[in-house]
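Undergrad: Starting from these lines, generate the structure:
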Amino acid sequence: MATTGTQVPGSGSMTGLNDMLKQVYTRAFENNIEKESEVADLINQAEGFEVIDGPDGKAINIGHIFSSGGGVGGIYQDDYLPIPTVPTTKQSNLNIKELVAVVELSGQTLRRVKKGPAAFISWADEALPRKAQRLAYQKDRMYLGTGTGIIARYAANPPTGTNDAITSALGISNLESAEMMLLLDDGIRCSVNADGSSPRANAMVVSKVDYVNKQISTTVAGSAGVSTSAAQNDYIFLGDTNINGGGTREMMGFEGIIDDGTNVATFQGLARSSFPQMNGQIVDSSAGGFTQALSEEILDVADTYCYERGNLGKPAVIFTSRSGQRSFWKTLKTDRHLNDPRGQYIGGKVRLQMQLGDRIVTIAAARKCPMSRCYGIDTSSVLRFRIGSGRWDDTDGAVFNRVVDGQGRKDAFFAVYVEEENLGAGDPAKNFKIINLAAA
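TA: Sure, this is the predicted structure:
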């Protein structure tokens, strides 16, 4: 096997470059991902959790105490004491998912990079932030989903590869904003099966995203086209010739955590029909006298449900789309304004906040959040479980590895960035989801 370069002529060592990557840029790359993510910084990172070896890698055990058991009540003097009942406890688990980002560079670029930190930084400042942005974008999508890897479904009949309509974001029937889940140059696969099995032949690359008409165009092997036999209602996943994101490869998200069994019937190994405490609080904005607007009234009702039905839940973050932010602002500005002492009217949407019980929460937004959704997150309940920090993989002894194809070795190199993470919840009932909000 050819060596991947030398730090000192004849040494056969990549130590210098490895050190630059691991000491200078590993944390910086991770920080770039966190900075670009609109969801990650809203959720607390779990600390001190138990890690076990699970069937699909690392797994996390989560203990649930649904009841402390009976055995209380009033008694007469010299009366019998109440007989306690057994507490209701269960243990759920979730597997940690592995997320990767691959960067490539030519042999010529690598040789220049190795000339010193200045040359390395020049390359890294250009290449790595862009890759961090792409990984952050897809992680945000995963944070909203159900852990299935489904991005959307084809609405076009049939898809042709040119201006194909897509729908059902995250695989949820008729959920809007599917076009916001993809980026230009994303590799995708499609399948008739919701788990991504038996994908249609030939991988695709997204060549255009039409946000206005909610359509995408794709290429196959560099020419406009679509996977063989692609059909209306096919599920769309990230993927390429070798792999797709279907099944259980991706992280769990809000639509799966804050659910009543509609999207995810069995959550963290527990059937929601048997353990209703695993259900989030779902509030339909099109029923119960609400007007499909994100208002103080519906937020207060949803928050009340979390506290009264969810074992004293207190959402710390309200998370919605920018359409939801506009809707909330419209319900406020009709009856509120600040008068300047000089007689001038002052108005504007600077930072939307709301008093909920004994706390003030911010109405945050993300571009990938479907317009009809609003989530209330109790950050003591919804947690990010991580195995260490993100890292550049040097399992083979070097961060950069030579590209080899069926014809031989190439003067090109690649490096793989790895993160191990998943979202989980100890008390899903402490969180709420508002559905069927109207676009604003």
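Undergrad: what's near enough to touch I360?
TA: By CB atoms under 8 Å, 6 or more residues apart in numbering, the contact set of I360 is 353-354. Every residue, glycine included, has its C-beta placed from N, CA and C.
Undergrad: The closest residue to V264 other than its chain neighbours sits in which helix or strand?
TA: Among residues not flanking V264 along the chain, G256 sits closest, at 4.2 Å (CB to CB, 6 or more residues apart in numbering). Under the criterion of DSSP states H and E, G256 resides in helix 254-257.
Undergrad: same question for that helix, mean pLDDT?
TA: Helix 254-257 shows a mean pLDDT of 96.
Undergrad: next helix or strand past it?
TA: strand 266-267.
Undergrad: Parallel or antiparallel, which strands does the next helix or strand after that following strand pair with?
TA: Downstream of strand 266-267, the first helix or strand assigned by DSSP H and E is strand 270-271. Neighbouring strands of strand 270-271 in its sheet, by DSSP bridges, are strand 266-267 (antiparallel).
Undergrad: And the partner strand, how far out from the chain middle?
TA: 18 Å (CA atoms, centre = their mean, to the nearest Å).
Undergrad: if we can go back for a sec, what lies in contact with the helix holding G256?
TA: Residues outside helix 254-257 that contact it (CB under 8 Å, 6+ apart): 143-147, 170, 172, 263-264, 267, 280, 319, 375, 377, 382, 423-425, 428, 431, 433.
Undergrad: Which residue ranges make up the domains of the chain?
TA: Segmentation of the chain into domains, based on automatic domain parsing, reads 15-49+95-146+385-423, 152-238, 254-383+426-435.
Undergrad: Show me the contacts of helix 254-257 that map onto strands.
TA: Mapping these onto strands (DSSP state E) picks out 267, 319, 375, 377, 382, 423-425, 433.
Undergrad: Which two among those residues are spaced furthest apart?
TA: Farthest-apart pair in the ones in strands among the contacts of helix 254-257 is F267 and F319; separation 19.2 Å (CB to CB).
Undergrad: coming back round to it: roughly how far does the residue nearest to V264 sit from H64?
TA: Separation of G256 from H64 (CB to CB, to the nearest Å) stands at 17 Å.
Undergrad: Ok, S285 next?
TA: To H64, S285 is 29 Å away according to CB to CB.
Undergrad: neighbour count winner among the two?
TA: S285 (22 against 18; other CB atoms under 10 Å).
Undergrad: Spit out the contact partners of the more buried one.
TA: S285 makes contact with 291-294, 298, 434-438, according to CB under 8 Å, 6+ apart.
Undergrad: List only buried entries from those residues.
TA: Applying a neighbour-count criterion of 16 or more other CB atoms under 10 Å, the buried members of those are 292-294, 298, 434-435, 437.
Undergrad: Which ones among these lie within helices?
TA: I298 (DSSP state H).
Undergrad: pretty sure A425 is touching S380, no?
TA: No - counting by CB atoms under 8 Å, A425 does not reach S380; the two are 10.1 Å apart.
Undergrad: burial measure for A366, as a count.
TA: 18.
Undergrad: which residues does it contact?
TA: 38-39, 140, 144, 319, 321.
Undergrad: could you redo the last one with a cut-off of 6 Å?
TA: By CB atoms under 6 Å, 6 or more residues apart in numbering, the residues touching A366 are 38-39.
Undergrad: can you give me phi and psi for G145?
TA: Dihedral pair for G145: phi -90, psi -160, per degrees, to the nearest 10.
Undergrad: Just the local confidence number for I282, please.
TA: Looking at I282, the pLDDT reads 98.
Undergrad: Show the model's pLDDT score for the closest residue to M252 other than its chain neighbours.
TA: Nearest residue to M252, sequence neighbours excluded (CB to CB, 6+ apart): G147, at 4.1 Å. G147 carries a pLDDT value of 94.
Undergrad: Verify the contact between D240 and D186 for me.
TA: No - D240 lies out of contact with D186 (CB atoms under 6 Å); the separation is 9.9 Å.
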